[in-house]
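Enquirer: This is the structure alone, sequence omitted:
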């Protein structure tokens with residue numbers, strides 16, 4: 001298997017509904033994973049980029065969280081509508097999407 005250019009991690013961590021921080025799962029992370037998978041398939045990006053689900057990054061109140069490596073860029077409050085922007089600008093264009101980045105006090 002060739003090393004991917006970039007690796008996309010999507011938090012799908014679950015917590016009880018009454019947990020004060022909530023969770024990425026309760027905020028719709030499965031739709032984000034599905035969106036990336038669909039776009040990777042349609043655009044034939046599998047292999048070039050890798051998609052994985054993961055557990056908690058520790059910023060649950062800002063979820064769903066997406067983390068892109070090797071740059072180490074963390075995105076917050078990502079919805080299915082943001083997937084194409086991240087693919088077009090960051091994965092394909094090598095420009096992180098500043099408007100979706102988590103604040104520096106959460107991830108620096």
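Expert: On my side now, so go ahead. Just so it is clear, the model here is predicted, and its values are computed rather than measured.
Enquirer: Below-threshold pLDDT in this protein: ranges please.
Expert: Applying pLDDT under 70 to the chain flags the ranges 108.
Enquirer: quick check: longest helix of it.
Expert: In the chain, with assignment by DSSP state H, the single longest helix is helix 29-43.
Enquirer: Just the buried positions in that helix, please.
Expert: With burial defined by 16 or more other C-beta atoms under 10 Å, the residues of helix 29-43 counted as buried are 29, 32, 33, 35, 36, 39, 40. Placement of C-beta: from N, CA and C, glycine included.
Enquirer: Just give the number of residues close to residue 75.
Expert: As a burial measure, residue 75 scores 25 neighbours (other C-beta atoms under 10 Å).
Enquirer: that older thread, need the buried residues of helix 29-43 in JSON lines (columns: distance to residue 2).
Expert: Listed next are the buried residues of helix 29-43 as JSON lines, based on distance: C-beta to C-beta, whole Å:
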{"residue": "29", "distance to residue 2": "27"}
{"residue": "32", "distance to residue 2": "25"}
{"residue": "33", "distance to residue 2": "22"}
{"residue": "35", "distance to residue 2": "24"}
{"residue": "36", "distance to residue 2": "19"}
{"residue": "39", "distance to residue 2": "20"}
{"residue": "40", "distance to residue 2": "15"}
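Enquirer: which one of those is nearest residue 53?
Expert: Distance to residue 53 across the buried residues of helix 29-43 (C-beta to C-beta) is lowest for residue 33, with 5.8 Å.
Enquirer: That closest one against residue 8, yeah?
Expert: No. Assessed by C-beta atoms under 8 Å, residue 33 is found out of contact with residue 8, at 9.4 Å.
Enquirer: where do the contact lists of those two overlap?
Expert: Taking C-beta atoms under 8 Å, 6 or more residues apart in numbering as the criterion, residue 33 and residue 8 both touch residue 51.
Enquirer: Just want the phi and psi numbers for the residue most central in space within the chain.
Expert: Residue closest to the average C-alpha location in the chain (C-alpha atoms, centre = their mean): residue 66, at 2.1 Å. Dihedral angles of residue 66 (phi, psi; degrees, to the nearest 10) stand at phi -130, psi 130.
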